[in-house]
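Colleague: Sequence first, then the predicted structure:
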Amino acid sequence: EDQVTQSPEALRLQEGESSSLNCSYTVSGLRGLFWYRQDPGKGPEFLFTLYSAGEEKEKERLKATLTKKESFLHITAPKPEDSATYLCAVQRRGGLTGGGNKLTFGTGTQLKVEL
Amino acid sequence: GAGVSQSPSNKVTEKGKDVELRCDPISGHTALYWYRQSLGQGLEFLIYFQGNSAPDKSGLPSDRFSAERTGGSVSTLTIQRTQQEDSAVYLCASTTSGRLETQYFGPGTRLLVL
């Protein structure tokens, strides 16, 4: 069974204080690892997809990296508007009937960035 | 451009009643997913549609839950004889096909069963 564990559960940062969020996963053949941002009362907003170990993607103050066992979301010089819950999910490689398309999510890291 | 839309945004119902939740995917997206997000839980997969057929229904928690999709577009998730444990946010996502199969989510329907 695919599993995704995110840490920490909650993180409080001062504005400008860089940090990293962790996503550890076990999956039988990774098709893709996804990062989403979720604001209170809203649906998840897509950030990145990573497909293979060593891959990195960046968007503004966010950088996502991937190894064979985990992914990190690095936040550089965060601002209060980066406050949200960050969700990690994996998609298994496989056919349609083999669960190859659904996403398995972690429970998220709730990030609060303070002035 | 229009994203995924869901209705209603909020639904309060009494235990034992039936509810219908609607999802309008992004135009042209052939695949559609339903997930459930309970307080303190991660998103939990319910069902997957490719066109109008559902190759993967493995996440539906009981036979009180059913879903259909018509015309390769709108989908309806129906919960019969609702229970308090059904209270959650129900999220719908749609996706393009191919390697870049990113799932784009709607805003969700917040269901409260009293």
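Modeller: Alright, I've got the coordinates.

Colleague: Please pull out the lowest mean pLDDT helix or strand from chain B.
Modeller: In chain B, no helix or strand scores lower on mean pLDDT, DSSP states H and E than strand B:53-56, which sits at a mean of 90.

Colleague: now for that one, which elements pack on it?
Modeller: If contacts are counted by 3 or more Cβ pairs under 8 Å, 6 or more residues apart in numbering or on different chains; DSSP states H and E, strand B:53-56 sits against strand B:43-50. C-betas here are computed from N, CA, C, even on glycine.

Colleague: circling back to that earlier point, what comes up buried for the least confident helix or strand of chain B?
Modeller: B:54-56 (16 or more other Cβ atoms under 10 Å in any protein chain shown).

Colleague: Over to stretch A:61-81?
Modeller: A:62-66, A:70-73, A:75, A:78.

Colleague: Now do the end-to-end distance for it.
Modeller: With Cα to Cα, to the nearest Å as the measure, stretch A:61-81 spans 11 Å from end to end.

Colleague: do that stretch and chain B meet at all?
Modeller: No: Stretch A:61-81 is not in contact with chain B by Cβ under 8 Å from any Cβ of the partner chain; minimum separation 13.7 Å.

Colleague: which residues does residue 22 contact?
Modeller: In the absence of a named chain, this looks at chain A. Contact analysis of A:Asn22 by Cβ atoms under 8 Å, 6 or more residues apart in numbering or on different chains lists A:6-8, A:70-72.

Colleague: nope, chain B please
Modeller: B:6-8, B:74-76.

Colleague: Next, find the distance separating it from chain A.
Modeller: Separation of B:Arg22 from chain A (Cβ to the nearest Cβ, to the nearest Å) stands at 14 Å.

Colleague: How about the residues of chain A by chain B?
Modeller: Near chain B, when you scan chain A using Cβ under 8 Å from any Cβ, you find A:4, A:32, A:34, A:36, A:41-46, A:49, A:87, A:89, A:91, A:96-97, A:99, A:101-108.

Colleague: switch to 6 Å and redo it
Modeller: Applying Cβ under 6 Å from any Cβ of the partner chain, we find that chain A lies next to chain B at A:42-44, A:46, A:96-97, A:101-102, A:105-107.

Colleague: Most neighbours among the residues you listed, which one is it?
Modeller: A:Pro44 (29 neighbours; other Cβ atoms under 10 Å in any protein chain shown).

Colleague: What sits closest to it if chain neighbours are left out?
Modeller: Nearest non-adjacent residue to A:Pro44, counting by Cβ to Cβ, 6 or more residues apart in numbering or on different chains: A:Tyr36, 3.7 Å away.

Colleague: Repeat that for A:Glu58.
Modeller: Counting by Cβ to Cβ, 6+ apart, A:Ala64 is the residue found nearest to A:Glu58 once chain neighbours are left out, at 7.7 Å.

Colleague: Enumerate the beta-bridge partners assigned to the residue nearest to A:Pro44.
Modeller: Note on A:Tyr36: beta-bridge partners by DSSP bridges are A:Phe46, A:Leu87.

Colleague: For it, list the residues it contacts.
Modeller: A:44, A:46-47, A:87 (Cβ atoms under 6 Å, 6 or more residues apart in numbering or on different chains).
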